[in-house]
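In: when you get a sec, could you give me coordinates for this:
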Amino acid sequence: MSVPSATTTDSAGGTPGRSPGGWSRAAGKNIAGLLPRRADYAGLSRSWRGDVVAGITVGVVALPLALAFGITTGLGAQAGLITAIVAGLVAALLGGSNVQVSGPTGAMTVVLVPVVARYGTGAVYLLGMMAGALVLLAAIVRLGRFLAFIPWPVIEGFTVGIACIIFLQQVPAALGVPKPSGENTVAVAARAVRDALTGNANAAAIGLVAVVVAVMLIAPRLHRALPASLLAVVLATVLAQVVGADVARIGTLPSSLQAPALPSVSIDRISELFGAAFAIAALAAIESLLSAKVADGMASTGRHDPDRELFGQGLANLVSPLFGGMPATGAIARTAVNVRAGARTRVAAAVHALVLVAVVYLGGSLVSKIPLAALAGVLMVTAVRMVEPHNVRAVLRATRSDAIVFIVTAAVTLAFDLILAVEVGVAVAAVLALRHVARAAAVNTEPISPESDDVNAPALSEHILTYRLDGALFFGAAQRFLTELTAVTDVKVVILRLPDVQVLDATGAQALGEIVSELEDRGITVLIKGARPEHLRTLRAVGTIDRLAHHRHLFDNLDDAIAHARLHVQRLTPTEH
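Out: So this is what the prediction gives:
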């Protein structure tokens, strides 16, 4: 007597193929694979000095950016600093990349600005936790590998769009005018320029921006290791203090990290914010994986684990709002600095967070004096550097389809928002790709005997035509196949060769059935040769095979099909004396 296996259906109606205990073990194994491991710190005994130096370097670079992104979102400089510390540390220890640096980013700022304007600053903390939970869920169900299928023109398009928005967001602070009302960044920047031209511009603010831009352009030429953004901010702050410039400053920062506290939660509030939380989660996942992928190409520290990266980013976004931080992602610019500074393990990113902790506890009074115009200048230069002209030229010159996807994605980013831009960009890319695949599909007339060089004459002389179908027979190409194959005349037998059909969906199979029916109704016998097993199942499922005049009109061998066709022609052709 056999013993039931653990994979049979249980008496309570469990899922066939796996017992409840099996599901639990599988889920536990999934989560266990996302946790930190000893291998994360392989080689630390040799690389720790370089990791510490790289961490200090990134911390210095991250300071002005964290402050600036926090201010731009409307949450304040302290929110950006706390995010860089808390999210940066959690993602460094638990993420899937050895060299990724996480924190507030320009792309996330682009999404958060309209969210803050619509729902208020208090909603951001709840949104951050909701987004973190969604990213964490994506990691557990192993969605990381699927987010890699975003086309390159879409990536370049929203990168250019983000860069433009970050630059335009700084226009009011750079001109020293109050930020005009409105949600659309382009419109707000235009109103700020109009206000400045009417005589409300602050000359001191514009001068500080010019100083920052000049230092950030010149410093790297003097020495690549110089922290240009920090030097620019320090010089602008000193100048503002010396001349007593009347410009807006960061203001008082907290002298310590706040105790963790849950944001106020309401079921109605959660349902209202779910759309925005999904957008933030999508951005956190996409940007983090893109940054990790860039890091793979720069560092020789092994490839990142996309699901672990989502796991780390999800937890980072769950924890950061508890301390007053905003949603975070992997930061491409800071990750690149980390790699170039010599980072080899995740210790470098952890050190970067500790450097910023020291700023909170030791340097808050100095940071409070930084002019907002100086940070605006830093972000303007950062935005310009985000755009790589050679990549843009390459996309625009590649194909017309790639250029269209790039332009549409960038335009939608500017006009609406980043997540919609990615959705539209991927949709346009998919439609254009399907159009290309459909055009590549072909119907080719072939001779009925190998020794024949003339495709048409031998076939027509025997009233037999052999068609080879190439490529994809799917909904995008079905109508063209239908039109071409039913246009035959003076033919008594048509042989359809299917071995070279790579893709066959239900629409393509249905179109093939219509072709068979129309030709058979006109007295033309149809023979099908060489359908792949998986395609044959589809053809049977939609009834295409049933439309053949006889079940023996399905062949595996071309010679047999041709011989059968000739017998049909002989039966249908009157004998001449």
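
In: would you mind measuring from residue 36 to residue 92?
Out: 10 Å (C-beta to C-beta, to the nearest Å). No exception for glycine: its C-beta is placed from N, CA and C like everyone else's.

In: who has more neighbours out of the two?
Out: Per other C-beta atoms under 10 Å, whichever of residue 36 and residue 92 has more neighbours is residue 92, with 28 against 14.

In: which residue is the nearest non-sequential neighbour of that one?
Out: Using C-beta to C-beta, 6 or more residues apart in numbering and skipping the chain neighbours, the partner closest in space to residue 92 is residue 349 (3.5 Å).

In: how far away is that neighbour from residue 381?
Out: Distance, residue 349 to residue 381, by C-beta to C-beta: 23 Å.

In: looking at the two, which one has more neighbours?
Out: residue 349 (31 against 21).

In: host element of the more buried one?
Out: Per DSSP states H and E, residue 349 falls inside helix 347-362.

In: what mean pLDDT does the next helix-or-strand element following that helix get?
Out: Later in the chain than helix 347-362, the nearest helix or strand by DSSP H and E is helix 364-367. The average pLDDT within helix 364-367 is 82.

In: buried residues, helix 364-367. List them.
Out: Within helix 364-367, the residues scored as buried using 16 or more other C-beta atoms under 10 Å are 364, 367.

In: excluding its own residues, what touches it? List them.
Out: With C-beta atoms under 8 Å, 6 or more residues apart in numbering as the test, helix 364-367 has contacts from 63, 67, 77, 250, 252, 253, 254, 255, 359.

In: whichever of those end up buried, select them in ChimeraX.
Out: Isolation of the buried members of the contacts of helix 364-367 (16+ other C-beta under 10 Å) is achieved in ChimeraX through the command below:
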select :63,67,77,250,253,359
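
In: what's the closest of the contacts of helix 364-367 to residue 212?
Out: In terms of C-beta to C-beta, no member of these lies closer to residue 212 than residue 67, at 13.2 Å.

In: which ones are touching the closest one?
Out: Residue 67 neighbours (C-beta under 8 Å, 6+ apart): 77, 80, 81, 250, 367, 370, 375.

In: quick one: secondary structure of it?
Out: Three-state call for residue 67 (DSSP: H, G, I helix; E, B strand; the rest coil): helix.

In: identify the residue nearest it in space, chain neighbours excluded?
Out: Closest residue to residue 67 apart from its sequence neighbours, by C-beta to C-beta, 6+ apart: residue 77 at 4.3 Å.

In: for the one you found, grab phi and psi.
Out: Here is the backbone geometry of residue 77 (degrees, to the nearest 10): phi -60, psi -40.

In: distance check, it against residue 375.
Out: Note on residue 77: its distance to residue 375, by C-beta to C-beta, is 8 Å.

In: residue 107 now?
Out: As judged by C-beta to C-beta, residue 107 and residue 375 stand 18 Å apart.

In: list the buried residues of the strand or helix carrying residue 166.
Out: Using DSSP H and E, residue 166 sits within helix 152-169. Using 16+ other C-beta under 10 Å as the test for burial, helix 152-169 gives 153-169.

In: which SSE is immediately downstream of it?
Out: As assigned by DSSP H and E, the chain's next helix or strand after helix 152-169 is helix 171-175.

In: please say which of residue 107 and residue 375 ends up with more neighbours.
Out: Taking neighbours as other C-beta under 10 Å, residue 107 and residue 375 compare with residue 375 leading, 31 against 26.

In: now do the same for the residue lying closest to that one once chain neighbours are set aside: its pLDDT.
Out: Leaving aside its sequence neighbours, residue 375 sits nearest to residue 68 (C-beta to C-beta, 6+ apart; 3.8 Å). As summarised for this prediction, residue 68 has a pLDDT of 88.

In: tell me the spacing between residue 68 and residue 33.
Out: For residue 68, the distance to residue 33 (C-beta to C-beta) stands at 37 Å.

In: now residue 184
Out: For residue 184, the distance to residue 33 equals 43 Å [C-beta to C-beta].

In: what about residue 130, distance to residue 522?
Out: Distance of residue 130 to residue 522, computed by C-beta to C-beta: 62 Å.

In: out of these two, which sits in the busier spot?
Out: Using other C-beta under 10 Å, the more surrounded residue of residue 130 and residue 522 is residue 130, with 26 against 11.
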